[in-house]
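1. structure here, sequence nowhere to be found:
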C-alpha cells in the first residue's frame, strides 16, 4: 500500500514523500480512510506508530475545502496533554500542510497570552492546544467554536492521568454537538472507554499493537547498582560504549538538575527538560539534543511527552517509574522506524517492587548485568514472573502543575498569570 492509494490530495502525498515516507504505517492505513469518510474513530496506538500523521493527514484533507474560519473561530481542535506534544503535533501540521492554504496555531502555557489572542483574531483552521490554556483563551473570548468541525483528543490516557478530565468536560460542553470526534490513546482502559461514551458516536475502533507490549526491536537490560552509584555508572556506560545520543528518565525535577550537573562535571554535555524550565530553555535543550550538540537529555515523564526522534538509539531509566505502563512508554522511544534500540534500567535494591510490577506487566523477566567495579552491596532478589492478571488501577486524583501544562479547576488569580500561549501559521 502507498500513500497515493489512501485518497489524499497530491499536495499532501508530495509533502509526505518530502519527509522521506513512502508507505503508511498500520495505524495510518486504517485511520486515514475512516477519518476521510467522516467517521468517529477510537484508536489505540503507542508512541512511535505514526499516529500523529494518522490524523493530521486526513484532517488537512477534510479542511482543504470548506468555509474559511471567521474571526476567533476554529474549524478543528487538537487537544494534547503537554506543551512538547502540542508543539510536535503542530510541527506535523506545518510540515504536511505547507502546500495548502490553511492556517494553524498552537497554544499552551509558559509564554505570554496577548500575542496569541491577536493571532486567533484572524481565525484558524487548526488549533493545537493544551486544555488549561484553551480554557483561558475561551474565558477571555479569544476563541470560539461555532465553526468547529473536528475534535481530536491525542494521548487521552495521559490527559486522564494528569487530571484533565474536568477541563475536558468543560471544553466538550461549549463545542457544537454536530462534529467529528477522534480519540487516540495508548490503551483502551476502562477510564478511556468511560470518557468515549460521552464523546464518540458509533466509532471505528482501531488497535495496532497489543496492550502494554514492548517492541521486539528494543533490547532491554537491567544494571544492578547501589542508589548512590547510579550517576557514576551511567557516565561510565556512556563513555565505555561511546553513546552519542541518550535519553535519560528520572523521577523528579531536582533529580534531573542534579544528574545534569554530575554528567557535565564528568565531561558529558547534558541538558534537562522539566516543568520548572522555561519554554525557551526546554525548546533549546531539545533542539540541541536532536542536532547532536547535547549528548544526554535528562527528562521527567511529563516533560518528555512529544519528544519524537526516529533514530534514538538509547533510553536509560535512571529511576524506575512508579506507574508500570510508563516503562512501556519510555522504552518505546527507541527501536523506532525500523531501527534497533537499547533500553537500560539502573535498578537499586529499593526499586525491586517496581521492577516486579514492570515485569508482570510486560510478562518478561528482564536480563540483568553488573558493571565491573560497581557491583551493588545489596543485590536484587531473583525475579519470579507473576502471571496473574494485572488489576486496573484507580484513576489518579487531579494534580496541579501549571508549568507542565497540568491543571484541575478554573483559572483564578495568579494562576492566570502563569499560563500563556504561543502559535504559528501554516500558509498564513
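-> Thanks, I have the structure now. Quantities reported herein were computed from a predicted structural model and do not represent experimental measurements.
2. please enumerate the helices of the stretch 251-400 of the chain.
-> Secondary structure of the stretch 251-400 of the chain (DSSP state H, counting those that start in this stretch): helices at 253-265, 279-291, 301-304, 324-331, 352-362.
3. of all these, which one is nearest residue 43?
-> Checking the helices of the stretch 251-400 of the chain against residue 43 by Cβ to Cβ gives helix 324-331 as the closest, at 16.1 Å. C-beta coordinates here come from the backbone N, C-alpha and C atoms, glycine included.
4. please name every helix or strand in contact with the closest one.
-> helix 301-304, strand 314-317, strand 341-347, helix 352-362 (3 or more Cβ pairs under 8 Å, 6 or more residues apart in numbering; DSSP states H and E).
5. got TSV for the ones you listed, with distance to residue 176 too?
-> Formatted as TSV, the helices and strands packed on helix 324-331 follow (distance: least, Cβ to Cβ, whole Å):
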stretch	distance to residue 176
helix 301-304	31
strand 314-317	41
strand 341-347	43
helix 352-362	40
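6. so which of the helices of the stretch 251-400 of the chain is nearest residue 199?
-> Proximity to residue 199 (Cβ to Cβ) singles out helix 324-331 among those, at 21.6 Å.
7. can you flag the weakest of the helices and strands packed on helix 324-331 by average pLDDT?
-> When the helices and strands packed on helix 324-331 are compared on mean pLDDT, helix 301-304 scores lowest, with a mean of 69.
8. where does pLDDT dip in the protein?
-> Within the chain, the segments meeting pLDDT under 70 span 46-48, 209-216, 302-311, 335-339, 386-428.
9. ranges for the strands of it?
-> 41-44, 74-79, 104-107, 124-129, 150-153, 180-185, 204-207, 218-224, 246-249, 270-273, 296-299, 314-317, 341-347, 368-369 (DSSP state E).
10. which one of those lies nearest to residue 87?
-> strand 104-107 (6.1 Å).
11. what is the closest one packed up against?
-> Judged by 3+ Cβ pairs under 8 Å, 6+ apart, the packing partners of strand 104-107 are helix 83-96, helix 114-121, strand 124-129, helix 131-139.
12. run the last query once more with 10 Å
-> helix 51-64, strand 74-79, helix 83-96, helix 114-121, strand 124-129, helix 131-139 (3 or more Cβ pairs under 10 Å, 6 or more residues apart in numbering; DSSP states H and E).
13. and the last one, what other elements does it pack with?
-> Looking back up the chat, that one is helix 131-139. Right, helix 131-139 is packed against strand 74-79, strand 104-107, helix 114-121, strand 124-129, helix 165-173, helix 413-418 by 3+ Cβ pairs under 10 Å, 6+ apart.
14. what pairs with the first one, parallel or antiparallel?
-> In other words, strand 74-79. strand 124-129 (parallel), strand 150-153 (parallel) (DSSP bridges).
15. centre of the chain to the shortest one, how far?
-> I take that to be strand 150-153. Taking Cα atoms, centre = their mean, to the nearest Å, the mean C-alpha location of strand 150-153 is offset from the chain mean by 16 Å.
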